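Q: Compute the structure for the input listed below.
(4 chains)
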Protein chains: 2
Amino acid sequence: MATTETRRRADAERNIAAILDAALVLFTEEPQSSMAAIARAAGVGRVTLYAHFPSREVLLEAVLDRTIAEAGEVIRKAAPEEGTAMEAFQRLLRTSWHVLNQHRKLFELAQRELGPVRLRQRHRDVVDHVEGLLARGQREGLFRSDLPMNWLVTTVYSLLHAAAEDVNTGQLQAEDAADVLEATLLPALKS
Amino acid sequence: MATTETRRRADAERNIAAILDAALVLFTEEPQSSMAAIARAAGVGRVTLYAHFPSREVLLEAVLDRTIAEAGEVIRKAAPEEGTAMEAFQRLLRTSWHVLNQHRKLFELAQRELGPVRLRQRHRDVVDHVEGLLARGQREGLFRSDLPMNWLVTTVYSLLHAAAEDVNTGQLQAEDAADVLEATLLPALKS
DNA sequence: CTTAAGTCGAACATGCATGTTCAGGTTAGG
DNA sequence: CCTAACCTGAACATGCATGTTCGACTTAAG
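A: Residues are numbered from 1 along each chain as shown, chains lettered A, B, ... in the order given. The predicted structure is shown next:
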């Protein structure tokens, strides 16, 4: 953050931000938006877009990274490690859901365009947070220890995303999701 | 099944089958396979493909219908409705996760290309099977009734998919999958 | 004020997929 | 064996998105 390799003009910086903003919106609203559409929405020439993001894939990754970083920050602030692992987990679940819910369409796109593997790689620190919490819960004797830790994380992760998908398709009300998730996950996880 | 509108030559019938076979494989392995690739894989001219399936969309629907029908048959045969809902459900779990794993990419594709609504319409009877079993479990007082039925179904399917994915990436042993799934799902579903 | 960084539209170059048409070659089936 | 159904490659017509290049215009920043 301190040393920027090539000194960028404030101008360029502004445009990059505008592009990322626009791309986030467009990717979310209309996943197959073209680069042209994104440039237009950002109030920027198509050439300028390519100057900053050499390909659609790079742009998507940038949007995703920025979004996940922000989300991680929100989660860390809203769901501290206080109390038992169970309590902390419940808080984590609710804030995670809230954040994921806002960006569920973006994740859907990323899953399809980048593949599940790379998507999950970019989640790494958020996922680690969950894993740490589950491990603490096991040490406290609150969470089960008879299944692989990886699987427990997968369970949480995949049900979160499943809930997002159900909301997308109108099968689940967004405001019910957190309760439903908690009611499903706690019995599945606790010892 | 009895009356074929236009009498088709055995020739054509064979090609149609070959196309559906090839399309299933290609759609599963590489979802964005072109019509040309599918024709090539089926050992058929591109024109012939279009003669039988006027558009990519029609072809995808045909493949989907056929696959779902076969999968439904397999599941129904291997997991009859005998015993308590709990027992039947356990059988269902053990027989169906492997089948679903093989076709999950196809479903993913269909969801994106056909939309979630039409996809759900087309595998209505398979979903109904699970749903019926869960409903029976509720009537028998074995499964919880405090969550939307749709969500219970989603929970089952998404964890099935997640297990398949974990097996694919080597995080979970294939022979453990059924046990792990059962150990996770039963606490989440039972009352 | 100067200049280098940045931006712009327009045009161009590909590449790729979807469909369609045609004229001739095969094959099934009665 | 005859004919209609069927298959075929090749060529064509579009359309669309991705990138790239160019020359000219703006603007930030020292």
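Q: How far away from the center of its chain is the helix ranked longest in chain A?
A: Criterion DSSP state H: the longest helix present in chain A is helix A:56-78. Distance, stretch centre to chain centre, for helix A:56-78: 6 Å (Cα atoms, centre = their mean, to the nearest Å).
Q: after that helix, next one along is what?
A: Toward the C-terminus, helix A:56-78 is succeeded by helix A:85-102 as the next helix or strand (DSSP states H and E).
Q: helices or strands next to that following helix in the packing?
A: Judged by 3 or more Cβ pairs under 8 Å, 6 or more residues apart in numbering or on different chains; DSSP states H and E, helix A:85-102 is in contact with helix A:56-78, helix A:124-139, helix A:149-168, helix A:177-189. Just so you know, the C-beta spots here come from the backbone N, C-alpha and C atoms, and that holds for glycine as well.
Q: Any regions of chain A where pLDDT drops low?
A: Residues of chain A meeting the criterion pLDDT under 70: A:1-6.
Q: Kindly recompute the last result at 80.
A: A:1-7, A:79-80, A:108, A:112, A:115-116 (pLDDT under 80).
Q: who are the neighbours in contact with the most centrally placed residue in it?
A: Centroid check for chain A by Cα atoms, centre = their mean gives residue A:68 as the closest residue, at 4.7 Å. Counting by Cβ atoms under 8 Å, 6 or more residues apart in numbering or on different chains, residue A:68 touches A:122-123, A:126.
Q: returning to that earlier point: any chance of a markdown table for the helices and strands packed on helix A:85-102, columns distance to residue A:24?
A: A markdown table is the format used below for the helices and strands packed on helix A:85-102 (distance: least, Cβ to Cβ, whole Å):
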| stretch | distance to residue A:24 |
| --- | --- |
| helix A:56-78 | 5 |
| helix A:124-139 | 18 |
| helix A:149-168 | 16 |
| helix A:177-189 | 21 |
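Q: of all the residues in chain A, which ones are close to DNA strand C?
A: A:6-9, A:11-12, A:14-15, A:43-48, A:51-52 (Cβ under 7 Å from any atom of the strand).
Q: quick one on the thing from earlier: relative to residue B:136, how far out is the residue nearest to the centre of chain A?
A: Counting by Cβ to Cβ, to the nearest Å, the gap from residue A:68 to residue B:136 is 42 Å.
Q: again, but for residue A:133
A: Taking Cβ to Cβ, one finds residue A:133 at 36 Å from residue B:136.
Q: neighbour-wise, which of those two wins?
A: A direct count of neighbours by other Cβ atoms under 10 Å in any protein chain shown for residue A:133 and residue B:136 places residue A:133 higher, at 22 against 17.
Q: quick one: contacts for that one?
A: Applying Cβ under 8 Å, 6+ apart, the residues near residue A:133 are A:81, A:85, A:88-89, A:92.
Q: The same query, at a cut-off of 10 Å, please.
A: By Cβ atoms under 10 Å, 6 or more residues apart in numbering or on different chains, the residues touching residue A:133 are A:79, A:81, A:85-86, A:88-89, A:91-93, A:143, A:153, A:156.
Q: Same check on residue A:86?
A: A:133, A:136-137, A:140, A:142-143, A:186, A:189-190.
Q: Make a ChimeraX selection of whichever of those residues turn out to be buried.
A: Paste this into ChimeraX to select the buried members of the contacts of residue A:86, with burial taken from 16 or more other Cβ atoms under 10 Å in any protein chain shown:
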select /A:133,136,137,142,143,186,189
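Q: hmm, which two among the contacts of residue A:86 are most spread apart?
A: Spatial extent of the contacts of residue A:86 (Cβ to Cβ) is set by the pair A:136 and A:186 at 15.5 Å.
Q: Of the contacts of residue A:133 - the most surrounded one?
A: In those, the most neighbours by other Cβ under 10 Å go to residue A:89, 26 neighbours.
Q: And it, how far from chain B?
A: Note on residue A:89: its distance to chain B, by Cβ to the nearest Cβ, to the nearest Å, is 15 Å.
Q: So for that residue, what's the nearest residue that isn't a sequence neighbour?
A: residue A:133 (5.4 Å; Cβ to Cβ, 6 or more residues apart in numbering or on different chains).
Q: Just list what the helix or strand hosting residue A:112 packs against, helices and strands only.
A: Secondary structure from DSSP H and E places residue A:112 in helix A:104-122. Contact here means 3 or more Cβ pairs under 10 Å, 6 or more residues apart in numbering or on different chains; DSSP states H and E; on that basis helix A:104-122 packs against helix A:10-29, helix A:56-78, helix A:85-102, helix A:124-139, helix A:149-168, helix B:85-122, helix B:149-168.
Q: how about the ones you listed, which one is nearest residue B:58?
A: helix B:85-122 (10.8 Å).
Q: Run the angle between that closest one and helix A:104-122 for me.
A: 120 degrees (axes from the mean of the first three to the mean of the last three Cα atoms, to 10 degrees).
Q: chain center to helix B:85-122, what's the gap?
A: Put simply, helix B:85-122 sits 4 Å off its chain's centre (Cα atoms, centre = their mean).
Q: Now the phi/psi pair for residue A:143, please.
A: Residue A:143 adopts backbone torsions of phi -110, psi 150, taken as degrees, to the nearest 10.
Q: which ones are touching the nearest residue to it once chain neighbours are set aside?
A: The shortest distance from residue A:143 to any non-neighbouring residue, by Cβ to Cβ, 6+ apart, is to residue A:137 (3.5 Å). The contact partners of residue A:137, by Cβ under 10 Å, 6+ apart, come to A:84-86, A:88-89, A:143-145, A:152, A:189-191.
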